[in-house]
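1. Show me the folded form of this:
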Amino acid sequence: MTEKKIEIVCETGFDLALKDINNLQGDLKELRPENEAKLTNEILETGFSFAPHVWHDKVQNKYFLIDGHQRILVLKKLIADGYICGDIPVVIVQAASAEEAKRRVLQSVSQYGVVTNQGLYNFVIDANIDIDSLVASFNIPEIDLPNWSESYFPSEILTDEAVEPKDTEIEQGQFSKLVHTCPKCGFSFGAE
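-> Have a look, this model is predicted:
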């Protein structure tokens, strides 16, 4: 049988066994099934690539997650399904108490910057990211990725055989093709 191994593709100089990483956020966030599937696929495809942040509670001599709860949850499920992985690189975050550590959890779940449609388009083009992979693997809360991808990367050019013309599409008594314009360079296609 082939070994199912999760690659660790980050390093910090401090590693912990998965069993030694404890949850601190409780039920602050939930991982919905569709996003769990995306995260699982991404970890299996590209490896475990972001070191979780942990707080060391010196009184209990335990490490508690500040950031990375969903990634660790997915790793534990994968291991239960027969995958193996080594120790997890972690970043130690300082906190004087459990209360301060929990405040750090809120800092980590806060998203101050907002991904914009145009910003995402420019990033995807620059990084040469496959659109199907983007939609299948990632969740960007402020953007509806399936609708965004169809707007920025239409799958087909509509012709008069494909749809019934609307009043706004009738030009001098004839149906005109839908014109698509690239938001980055302004190139238009689909016009006759």
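2. CA only for contacts and neighbour counts going forward, please
-> Noted.
3. W55 sits in which helix or strand?
-> Per DSSP states H and E, W55 falls inside strand 53-57.
4. Follow the chain on from that strand and name the next helix or strand.
-> Once the chain leaves strand 53-57, the next helix or strand it forms, by DSSP H and E, is strand 62-67.
5. that older thread, same question for the strand holding W55, mean pLDDT?
-> The pLDDT scores in strand 53-57 average 97.
6. Just the CA coordinates for that strand, please, in CSV.
-> Output of strand 53-57 as CSV, limited to C-alpha atoms (Å, rounded to 0.1, in the frame of the first residue of the first chain):
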residue,chain,number,x,y,z
HIS,A,53,0.5,30.4,15.9
VAL,A,54,0.4,29.0,19.4
TRP,A,55,0.6,30.4,23.0
HIS,A,56,2.5,28.5,25.6
ASP,A,57,0.6,28.3,28.8
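7. what angle separates that strand from strand 62-67?
-> 150 degrees (axes from the mean of the first three to the mean of the last three C-alpha atoms, to 10 degrees).
8. Strand 53-57 pairs with which strands, parallel or anti?
-> When pairing is defined by DSSP bridges, strand 53-57 lines up against strand 62-67 (antiparallel), strand 91-92 (parallel).
9. Reformat these as JSON lines; add mean pLDDT, mean neighbour count and distance to I131.
-> JSON lines is the format used below for these (pLDDT from 0 to 100; neighbours: other C-alpha atoms under 10 Å; distance: least, C-alpha to C-alpha, whole Å):
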{"stretch": "strand 62-67", "mean pLDDT": "97", "mean neighbour count": "22", "distance to I131": "28"}
{"stretch": "strand 91-92", "mean pLDDT": "96", "mean neighbour count": "19", "distance to I131": "32"}
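10. closest to L24 out of those strands?
-> Nearest to L24, of all the strands paired with strand 53-57, is strand 62-67, at 5.6 Å by C-alpha to C-alpha.
11. quick one: contacts of the longest helix along the chain?
-> For the chain, the longest helix by residue count, based on DSSP state H, is helix 33-46. Residues from elsewhere that reach helix 33-46, judged by C-alpha atoms under 8 Å, 6 or more residues apart in numbering: 6-7, 49, 71, 74, 136-139.
12. what does stretch 56-76 give?
-> Residues from elsewhere that reach stretch 56-76 (C-alpha under 8 Å, 6+ apart): 18, 20-25, 31, 36, 39-40, 51-55, 92-94, 97-98, 101-102, 104-105, 108-109.
13. tell me the mean pLDDT for the longest helix of the chain?
-> The average pLDDT within helix 33-46 is 95.
14. Keeping just the C-alphas, turn that helix into PDB.
-> What follows is helix 33-46, C-alpha atoms only, in PDB (Å, rounded to 0.1, in the frame of the first residue of the first chain):
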ATOM      1  CA  PRO A  33     -18.400  21.200   4.800                       C
ATOM      2  CA  GLU A  34     -17.800  22.900   1.500                       C
ATOM      3  CA  ASN A  35     -14.900  24.900   3.000                       C
ATOM      4  CA  GLU A  36     -13.500  21.900   4.800                       C
ATOM      5  CA  ALA A  37     -13.400  20.100   1.400                       C
ATOM      6  CA  LYS A  38     -11.500  23.000  -0.100                       C
ATOM      7  CA  LEU A  39      -9.000  23.200   2.700                       C
ATOM      8  CA  THR A  40      -8.500  19.400   2.700                       C
ATOM      9  CA  ASN A  41      -7.900  19.400  -1.100                       C
ATOM     10  CA  GLU A  42      -5.500  22.300  -0.800                       C
ATOM     11  CA  ILE A  43      -3.400  20.700   1.900                       C
ATOM     12  CA  LEU A  44      -3.300  17.400   0.000                       C
ATOM     13  CA  GLU A  45      -2.400  19.100  -3.200                       C
ATOM     14  CA  THR A  46       0.200  21.700  -2.000                       C
END
